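> Output the structure for:
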Amino acid sequence: MNRIFKYLLQGILYTAPFAVTLYILFFVFDFLDGILSGVLAAINLDFPGIGLLLIVIFLILVGYLGQTIVANPLKRFFRATILKVPILNIVYSAFSDLFSAIVGKERKFNKPVKVLVNREANLYKLGFVTEEDLTVIGEYDKVAVYFPHSYNFSGEMFIVPKDQVTPVHLPPGDVMKFIVSGGVAEL
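Coordinates of the predicted model:
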């Protein structure tokens, strides 16, 4: 009996947000349709679906206001607070840079390459060139290559000789999927 009750609670947790959202949308649609039908009838105009159109416009407006007035200031406040904490700022900055390199505007993983890592065994590793100019650290014939780990959201970055790096002419997303899947995903 205890297990059935747990399943009931899980079912409620899974469906409640969806059901509440549908209920609110239906309530708003019904409310707007009731108001607008009277107004439209008074001016002798028939416009089917105006309630739905107004809901879509309303949701877009709420989403825009929520993003610009609520979400962005909260993100800035959260970021500024974390950046003031000595150790957290290093961890946060590193992960923030990593995520923006993967999915942000400043995508860095867009140059897939194959790198010779062992000449004797003719062993190659797939990765992504993240920086081609390493003169700031005194390396002139090398590039920075990031190697994602398979089945994990982590990786390693190596500085390798340019002559051991071969471009892979495939979409970067496909190469990342191939590496992260451990070579199981098709290219």
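> Can you classify D133 as helix, strand or coil?
coil (DSSP: H, G, I helix; E, B strand; the rest coil).
> what's it sitting at in phi/psi?
Phi and psi for D133, reported as degrees, to the nearest 10, are phi -110, psi 100.
> Going forward, count from 37.
Noted, 37 is the first residue going forward, which turns the last one into D169.
> how deep is it tucked in, by neighbour count?
By the criterion of other C-beta atoms under 10 Å, D169 has 9 neighbours. Any C-beta I mention is one placed from the backbone N, CA and C, and that applies to glycine too.
> Distance check, it against K178.
Using C-beta to C-beta, to the nearest Å, one gets 10 Å for the distance from D169 to K178.
> Please identify the helix or strand for I195.
strand 191-197 (DSSP states H and E).
> In terms of secondary structure, what does that strand contact?
Packing partners of strand 191-197 (3 or more C-beta pairs under 8 Å, 6 or more residues apart in numbering; DSSP states H and E): strand 159-167, strand 178-184.
> Give me the sheet partners of it and which way each runs.
strand 178-184 (antiparallel) (DSSP bridges).
> Check which element follows the helix or strand that contains I96 along the chain.
Assigned by DSSP H and E, I96 belongs to helix 86-101. Later in the chain than helix 86-101, the nearest helix or strand by DSSP H and E is helix 108-120.
> Can I get that next one in PDB, CA atoms only?
Extracted C-alpha coordinates of helix 108-120, given in PDB (Å, rounded to 0.1, in the frame of the first residue of the first chain):
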ATOM      1  CA  ASN A 108      18.500  39.100 -16.100                       C
ATOM      2  CA  PRO A 109      18.900  41.300 -13.000                       C
ATOM      3  CA  LEU A 110      18.800  38.100 -10.800                       C
ATOM      4  CA  LYS A 111      21.400  36.500 -12.900                       C
ATOM      5  CA  ARG A 112      23.600  39.600 -12.700                       C
ATOM      6  CA  PHE A 113      23.200  39.700  -8.900                       C
ATOM      7  CA  PHE A 114      23.900  36.000  -8.500                       C
ATOM      8  CA  ARG A 115      27.000  36.200 -10.700                       C
ATOM      9  CA  ALA A 116      28.300  39.300  -8.900                       C
ATOM     10  CA  THR A 117      27.800  37.700  -5.500                       C
ATOM     11  CA  ILE A 118      29.600  34.500  -6.600                       C
ATOM     12  CA  LEU A 119      32.500  36.400  -8.200                       C
ATOM     13  CA  LYS A 120      33.200  38.000  -4.800                       C
END
